[in-house]
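Student: Predicted model and sequence follow; I will ask about them next.
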Amino acid sequence: MMPLRERKSKADKTSTSTPEVPTVTTTGPTEDEAGGVLTVDLSAIQANWRALARRVSPAECSAVVKADAYGCGIEPVVRALHNAGCKTFFVAHVTEARRVRAVAPEAIVYVLNGIVPGSASAFAASAASVSRTSRSSSSTAFA
């Protein structure tokens, strides 16, 4: 596992908001232990999402942030995307849905792997919805 450095380096050129002050957050093992460092440019993720959202308009553009946002860190990526205007997120498991919900409480969250036996109360607590393409036979949504 490589340490993760979150970088907010520049404001999106299409944004009308004021530029954010650069921040660096380091998580994971030390550089010596990891052998490498991953730097995630959250402003680039925001710019890419905004570009996609413009292309699919008037349809909604959502984000898949399963597997810890593909190793980029689910909390910083969801926070950045939510601030860019993303309202709907897809995750693989209910544990990831809880993490998304903690950062973006009003977001719509779909769980791709569905409700696993014994996890209905966790779904209800996370206010997540089962993806219609999940392996689950249930299409029940929790609001």
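Tutor: Yep, it's here.

Student: so who does the residue nearest the centre of the chain touch?
Tutor: In the chain, the centroid-proximal residue (C-alpha atoms, centre = their mean) is Val78; its distance is 3.4 Å. By C-beta atoms under 8 Å, 6 or more residues apart in numbering, Val78 lies in contact with Ala63, Val65, Ala69, Phe89, Arg99, Val100, Val103, Ala104, Ala107. Glycine gets a C-beta too; all of them are placed from N, C-alpha and C.

Student: ranges for the helices of the chain?
Tutor: Along the chain, counting by DSSP state H, helices occupy 31-34, 42-56, 66-70, 74-84, 94-103, 120-126.

Student: could I get these as JSON lines with distance to Gly114?
Tutor: Output for the helices of the chain, formatted as JSON lines (distance: least, C-beta to C-beta, whole Å):
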{"stretch": "helix 31-34", "distance to Gly114": "34"}
{"stretch": "helix 42-56", "distance to Gly114": "26"}
{"stretch": "helix 66-70", "distance to Gly114": "13"}
{"stretch": "helix 74-84", "distance to Gly114": "19"}
{"stretch": "helix 94-103", "distance to Gly114": "9"}
{"stretch": "helix 120-126", "distance to Gly114": "9"}
